[in-house]
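> Fold the following for me, if possible:
(2 chains)
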Amino acid sequence: MQDPTLTSLVPGLLAGEDEAIEQLAAAALPRLQRIAARYGAEDPEQIALDVLVRTLSRLPALDFGQGTGRDPLFSYMAKATVLRVKELYRRQEAERKHLERLGNYLLPGAGYLGHLDPARSGRPVWAADSLEPEQPSTDGVVPDLLSTLDDQDRLLLQLRTFSTMTWDEIATEVGLTSPNARQRYGRLVKRVRETLATLATEGSPHV
Amino acid sequence: MSNDEANLLPEELEEDELRQLIPAILPEGPSQDQFWAALAGGGTPPLAPEAVRTAVVLAKQALAIARGELTLGKYLAELRTVQHLSQAEVARQAKIAPDLLRDLETDAWPIRSVAPAKLVQIAVPLRAAKPMLIELVRRAPQSLPGAQQFQSTLRREDSYLDRSTSGGVPLPHESDGAGIEEYVVAVEEAFDALARSARGGAP
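The predicted model follows:
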């Protein structure tokens, strides 16, 4: 028998039932922590709690009716976890770049002044987010590209590119030996890069 | 260097470039179950009972926020009451005017007019949980009571979440950097700095 999904707990959660809340905490947090860790988070436990609070505090507003997959609530929380990791990482990067610019301003060539407290720089750290422009978006292109890959290749690409899983872990997940997974990934990367280069040249939104 | 790194294929050396080319691609549709299961799996140990208890408390408070029963003011007042502290004592400790604390506890003061450092000087000694504080700050009044936008502020959508790409289920995305989100980030940073210094860590 399959474990109950997180989504199946939603009615109990909305009713404030202790059992549903305890089940959610016990079932969701270890998995969210694992995801955060595999995305390179420094504090996976804190991120999992952030996501728990953020999700539950707006649970009545969420509509999972059109969600795909076996467990839309878990997918939602998993995505929130990844995006929280990225948000914190980007914030750290903005702070680092700010300190680097400040260092170069004060002493040309000095670069990163990691020891300098940004709170004393006269500019709030949170204002540094806009220092660097975002990468040009390829939204729309990548989903199209991924849709051309078979399930195994798609999972291989996603796990290798966007997680910190080892080759052994990835190979187990995609059902290959580690050397075969690496070889397949190498060919896949080459193919994806060629496709993206073609798209960049032609500007076509479709593969 | 690990064996993993030592045996990279030439193509893999350009992985960083690939990461730059492809922004956060999050799976949708039938592939997402497999993707998330793979990421979350691998012999995850169960949580310690203490961690579960902490999470359950936070979960109950988050659901109270969802029901509109818990506000920033009520949260601060509850924390203060649990510690048997008067408003005057907390105000003195945080070096703020008692009137400001009173207005905060009755949700009668626009939150963004309170310096983030001052807010965390109230919240951290009261042992506020950061996720709760952050979520409540997002929903706190941004204007004086009676102003037209007061209710809409309380009911506004969380900019962290977006319905555009999820087929009806709002997705979290990076903060838009505007208004309250900038303030939220400042509060979070101030909270971390004060908590670190309270633990005796480096500034």
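> Flag the shaky bits of the chain, pLDDT-wise.
Using chain A. Low-confidence segments of chain A, defined by pLDDT under 70: A:1-3, A:65-68, A:95-147, A:162, A:196-207.
> let's do chain B instead
Looking along chain B with the criterion set at pLDDT under 70, you get B:1-32, B:42-44, B:143-178, B:200-203.
> The same query, at a cut-off of 50, please.
B:1-14, B:17-18, B:20-25, B:147-177, B:202-203 (pLDDT under 50).
> which residues of it fall in helices?
Counting by DSSP state H, one finds helices in chain B at the ranges B:3-6, B:15-21, B:31-40, B:49-66, B:72-82, B:87-94, B:98-105, B:116-123, B:130-139, B:150-155, B:180-198.
> Including distance to chain A, could the ones you listed go into a markdown table?
For every residue, glycine as well, the C-beta is placed using N, CA and C. A markdown table is the format used below for the helices of chain B (distance: least, C-beta to the nearest C-beta, whole Å):
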| stretch | distance to chain A |
| --- | --- |
| helix B:3-6 | 5 |
| helix B:15-21 | 5 |
| helix B:31-40 | 4 |
| helix B:49-66 | 4 |
| helix B:72-82 | 12 |
| helix B:87-94 | 18 |
| helix B:98-105 | 19 |
| helix B:116-123 | 8 |
| helix B:130-139 | 4 |
| helix B:150-155 | 10 |
| helix B:180-198 | 4 |
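> mind giving me the domain split of chain A?
What the record gives for chain A is the domain set A:7-85, A:87-114+A:123-130, A:141-202, from automatic domain parsing.
> Which stretch among the ones you listed is buried most, on average?
Comparing the domains of chain A by mean neighbour count (mean count of other C-beta atoms under 10 Å in any protein chain shown), domain A:7-85 ranks first with a mean of 20.
> Name the next helix or strand downstream of the host helix or strand of residue A:157, please.
Taking DSSP states H and E as the criterion, residue A:157 maps to helix A:151-162. Heading C-terminal from helix A:151-162, the first helix or strand you meet, by DSSP H and E, is helix A:167-174.
> same for that next one, what does it pack against?
helix A:151-162, helix A:178-202 (3 or more C-beta pairs under 8 Å, 6 or more residues apart in numbering or on different chains; DSSP states H and E).
> do you know which of those lies nearest chain B?
For these, distance to chain B was read as C-beta to the nearest C-beta. The smallest value, 3.8 Å, belongs to helix A:178-202.
> hang on, isn't residue A:40 packed against residue A:85?
Yes: contact criterion C-beta atoms under 8 Å: residue A:40 and residue A:85 qualify, at 6.9 Å.
> Give me the contacts around stretch B:108-123.
With contact meaning C-beta atoms under 8 Å, 6 or more residues apart in numbering or on different chains, stretch B:108-123 is reached by B:72-73, B:76, B:79, B:90, B:93-96, B:100-101, B:103-104, B:133, B:137, B:140-145, B:179-180, B:183, B:186-187, B:189-191, B:194.
> make it 6 Å
Applying C-beta atoms under 6 Å, 6 or more residues apart in numbering or on different chains, the external contacts of stretch B:108-123 come out as B:94, B:96, B:103, B:133, B:137, B:140-143, B:145, B:183, B:186-187, B:190-191, B:194.
> How about stretch B:38-50?
In contact with stretch B:38-50 (C-beta under 6 Å, 6+ apart) are residues A:29, A:30, A:31, A:34, A:35, A:38, A:163, A:173.
> Out of the residues you listed, name the ones that lie in helices.
Short answer: those in helices (DSSP H) are A:29, A:30, A:31, A:34, A:35, A:38, A:173.
> Using a markdown table, lay out those residues together with distance to residue A:53.
Shown next, in a markdown table, are those (distance: C-beta to C-beta, whole Å):
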| residue | distance to residue A:53 |
| --- | --- |
| A:29 | 11 |
| A:30 | 17 |
| A:31 | 16 |
| A:34 | 19 |
| A:35 | 17 |
| A:38 | 21 |
| A:173 | 30 |
